[in-house]
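J.: let me see the structure of the following:
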Amino acid sequence: MAVVSSIIKFTALSGAYNEESLCYLLEIDDTKLLLDCGWTDLFDVNRLNILKRYAPSVDAVLITYPDLPHMGALPYAVAKLGLQCPIYCTMPVRAMGELFLYDAYQSRHSQEDFELFGLEDIDEAMKLVHKLEYSETVQIINKATGMSSGVVVQPHLAGHMIGGSFWRIYKEDAEEIMYAVDYNHRKERHLAGSVLESVAQDFRPSVLITDAFTTLAEAPKRRNLDVALLENVLGCVRNGGNCMIVTDTAGRVLELLQVLVKHAQGWEKNKGLHVYRLIMLNFCAQSVIDASTGMLTYAMSQLVTDFEKNPSKNPFNLPHVEKAFSVEDMHRRFPENERKVVLVSQSGLESGASRKLCLEWADNPKNLIFFAEKPAPGTLGYQLTQRQETDFVITIKHKERVPLMGQELVEYLRIQEEEREAEQLAEVEAVEEPVPNQEVEDTEAHLDTLDYDSGDEQSSKALLKHDIMEQRAGAGAAIQGQSVASMSFFKQAKGTDMFPYVEEKTKKDAYGELIRHDDYRMPEFDTMPMDVDAPSGGAEATEGGMDTTTDRAQIPTKCIESTRELRVRCKRLLADFEGRSDGYSAERILNTVKPKSLIVIHGTEKATLALEEKSAASVDMKLESIECPHEGDTVDVTSDGNIYQVLLTDALATSLQFSRLAGHDLAWVEGVLNTLEEDENGESKPLHVPVLQKIPKREMTNRSTVFVGQPRLSDLIEILKANGIKTQWSMGTLVCNGTIQISRTGSAGGLVYKIEGDLSDTYYLVRDLLYQQFATV
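T.: The predicted model follows:
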């Protein structure tokens, strides 16, 4: 099968020569694909400046993993940058990614006025997501034309996180492209390994886009990692300290939970887990566990087999794990003197529960902060992992949300009261207009929705006033005792006066039981994204066994920022529980995949150059090209060097005459190539894509017809026989009806077909049948 080359361009928008978030633009002819759309937990808007230029023209987004480095910028890009296109990922990536984003927003909003994106923006972004199964293919629609672009994408198992994927991208009869980052070839407790090697054996990629994140990393044995985790955690709590395991929201935390829960029985024998609390702490903790229980089909096959044998034991149903949605919730439910092992999200310690616990526990030398993944550069977590001292002080910017008190609270309540009164006044003015008979039913339906049980006397008085139907004429508009309404050309319905009676509505269910909303209130899903203690300092008070905690959703708050000194005396450890292939294994996998061209991204400068050097020296790969673009750079990885991209003017495009050959349309194009354009100052500058213009008629010259194609004589024989012409071979020549000869000379690069014989009807018929096997342009 012949392979048709496409123009392939790659632009690194973020995550090149560094370990920042991943975001790249892949252009295949006129189709633009965004590969991941990540952001770090610093949420630096300047990191998205390059994406801002390309977002409105993107045709589709491919997401590999659900964490912030791979999809953290989606809500902002959709709401603020004009990204409006289908987003493709697997079902677990969509579900867990939504929880990642919810947790990130709530963590930020709990301490500051976070306005980059909101919960509504997350929901809008999720509406664009199309869920795919592994190996399911989908055609990309070109946004400009509204038609299929011919580009097909297909996700495959990549490991690392549940639902994680690498992407196969191709055009029919064209080159294969693979985008594989952060994959893990090794099996884990809850995930199978990547299938990159097996897929590459069936579809060798022309271009492989991969990362250098772990090029210089050595992979410790999993058993050694587990032992180090358990020994340090147990040593901390047995010594009277608390342990904070810093991980993510809904990705690698599932593997850590499997490690801890698997050793739960062993902990109990050693007086471990049944004494020390194991707590999963983030705003979406319960939702993460609930979601994971329905994703067994994406888990390791052994877990699925065990579940099928015993359906009552779901591996993601973790009875030993307590769930808490905030630090305050954890303190209310569990005594302070009880030793705890807490898994928290936001590895950078920039916001949320991880930040609060760090401020509370960092000063105690008995405590332990265990980093299960490398924090992003520039964060508090990164600083703690880089410092080797056992006792030091760092200066941090501290943000927190506190309840309004004193004069600020009085002023806030006054403004709220004024706004409420203004809304009531607007409702009064809206209802005092004449109400025609045909609108009476609508008005009554509106009154039924009002709350008459609120106890608000002003509202009740306003309602009494509203219920009276009046006819009012404008000032000075009455003529001979008639109102303006009666003088109207159109027929007016007269409103009927009615007694000002207010029917009290009692909200009941279908069985007549009184509905009390407080009976259904769930503190885990409180709309207020943080816990604010009562002004007296008590988080909870009881009278007669009833909880009298103030409704947190009704407490007005403000955000304050200050600079404070943080003394760090706790123990800090960093271990690689990120679940990626190590440098040696990644090099071996590349030698198996054997791409023709390699694009190296996402790694430090040292790691990127090291992978480039190893790949260039590899005898097995035999690479044609290696590209290591910087952020903002565009590289052309088109395999055929004789392909060029130009724009045709409308006049030239409409003058073309196409011929069909093997499913392709061919035309002869002649024109004048324009490579320059004038800017606003009248100066010439090079065009990004040259423009081909039509040649003026006076400059056109005659040319010979060009025959395109290489028809086989065996196929021609069948066509001649179908048209009643007898054929036979004689000395390498095809003889037709004994009078016409067809011969073929030359090589595959330039065949020459010659037809000889008497001029007759048979000659012209044979010639026409031969011409039909070519595309003539």
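J.: contacts and neighbour counts: CA atoms only from here.
T.: Fine.
J.: all helices of the stretch 201-350 of the chain, in order?
T.: In the stretch 201-350 of the chain, helices defined by DSSP state H, counting those that start in this stretch lie at 222-238, 253-262, 264-269, 285-292, 301-309, 327-333, listed in chain order.
J.: could you report the pLDDT at residue 546?
T.: According to the prediction, residue 546 has pLDDT 34.
J.: for the one 3 residues further on, same thing?
T.: If you check residue 549, the pLDDT there is 38.
J.: could you pull up the residues touching residue 751?
T.: 710, 744-745 (C-alpha atoms under 8 Å, 6 or more residues apart in numbering).
J.: flag the shaky bits of the stretch 351-500 of the chain, pLDDT-wise.
T.: 431-500 (pLDDT under 70).
J.: mind redoing it with 90?
T.: Scanning the stretch 351-500 of the chain for pLDDT under 90 picks out the ranges 376-378, 398, 400-410, 412-413, 416, 420-500.
J.: wait, residue 647 touches residue 694, no?
T.: No - using C-alpha atoms under 8 Å as the test, residue 647 is too far from residue 694 to be in contact (11.6 Å).
J.: so these two - more neighbours on which side?
T.: residue 694 (18 against 13; other C-alpha atoms under 10 Å).
J.: spit out the contact partners of that one.
T.: 649, 651-652, 670-672.
J.: neighbour count and pLDDT added to those, as CSV?
T.: What follows is these, written out as CSV (neighbours: other C-alpha atoms under 10 Å; pLDDT from 0 to 100):
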residue, neighbour count, pLDDT
649, 13, 86
651, 11, 83
652, 15, 83
670, 13, 84
671, 15, 85
672, 11, 86
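J.: closest one of these to residue 326?
T.: Proximity of the contacts of residue 694 to residue 326 (C-alpha to C-alpha) peaks at residue 649, which lies at 61.3 Å.
J.: mind listing what that closest one touches?
T.: So residue 649 contacts 691-694 (C-alpha under 8 Å, 6+ apart).
J.: out of those residues, which one sits closest to residue 224?
T.: After measuring the contacts of residue 649 against residue 224 - C-alpha to C-alpha - the closest member comes out as residue 691, at 61.7 Å.
J.: residue 644 is in contact with that closest one, correct?
T.: No - counting by C-alpha under 8 Å, residue 644 is not a contact partner of residue 691; they are 11.5 Å apart.
J.: out of the two, which sits in the busier spot?
T.: Shown here are residue 691 and residue 644; by other C-alpha under 10 Å, residue 691 has more neighbours (18 against 11).
J.: quickly list what that one is bridged to.
T.: residue 647, residue 674 (DSSP bridges).
J.: start the count at 28 instead of 1 going forward.
T.: That works, and once the first residue is 28, the last one we named lands at residue 718.
J.: could you report the distance from it to residue 633?
T.: 41 Å (C-alpha to C-alpha, to the nearest Å).
J.: then residue 57?
T.: 34 Å.
J.: same check, this time on residue 671
T.: Going from residue 671 to residue 633 by C-alpha to C-alpha gives 34 Å.
J.: thinking again about what came up before, give me the common contacts of residue 718 and residue 671.
T.: Residues touching both residue 718 and residue 671 (C-alpha under 8 Å, 6+ apart): none.
J.: residue 421: which element?
T.: strand 419-430 (DSSP states H and E).
J.: what lies in contact with that strand?
T.: Strand 419-430 has contacts (C-alpha under 8 Å, 6+ apart) with 137-139, 559, 562, 582-596.
J.: of those residues, keep whichever come out buried.
T.: The neighbour-count test (16 or more other C-alpha atoms under 10 Å) marks 137-139, 559, 582-584, 593-596 as buried among these.
J.: pick out the lowest-pLDDT one from these.
T.: Comparing the buried ones among the contacts of strand 419-430 by pLDDT, residue 559 comes last, at 40.
J.: just the endpoints, please. Distance across stretch 107-120?
T.: 23 Å.
J.: measure how far that stretch is from the centre of its chain, please.
T.: Its chain's average C-alpha position is 5 Å from that of stretch 107-120, according to C-alpha atoms, centre = their mean, to the nearest Å.
J.: buried sites along that stretch?
T.: Under 16+ other C-alpha under 10 Å, the buried positions of stretch 107-120 are 108-120.
J.: what does it contact?
T.: With contact meaning C-alpha under 8 Å, 6+ apart, stretch 107-120 is reached by 79, 82-93, 104-105, 155-161, 170, 182, 189-192, 322, 325.
J.: go ahead and build a ChimeraX selection from the buried members of these.
T.: Here is the ChimeraX selection string for the buried members of these, based on 16+ other C-alpha under 10 Å:
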select :79,82,83,84,85,86,87,88,89,90,91,92,93,104,105,155,156,158,159,160,161,170,182,189,190,191,192,322,325
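J.: which residues are in contact with residue 350?
T.: Each residue near residue 350 by C-alpha under 8 Å, 6+ apart is listed here: 306-308, 312-313.
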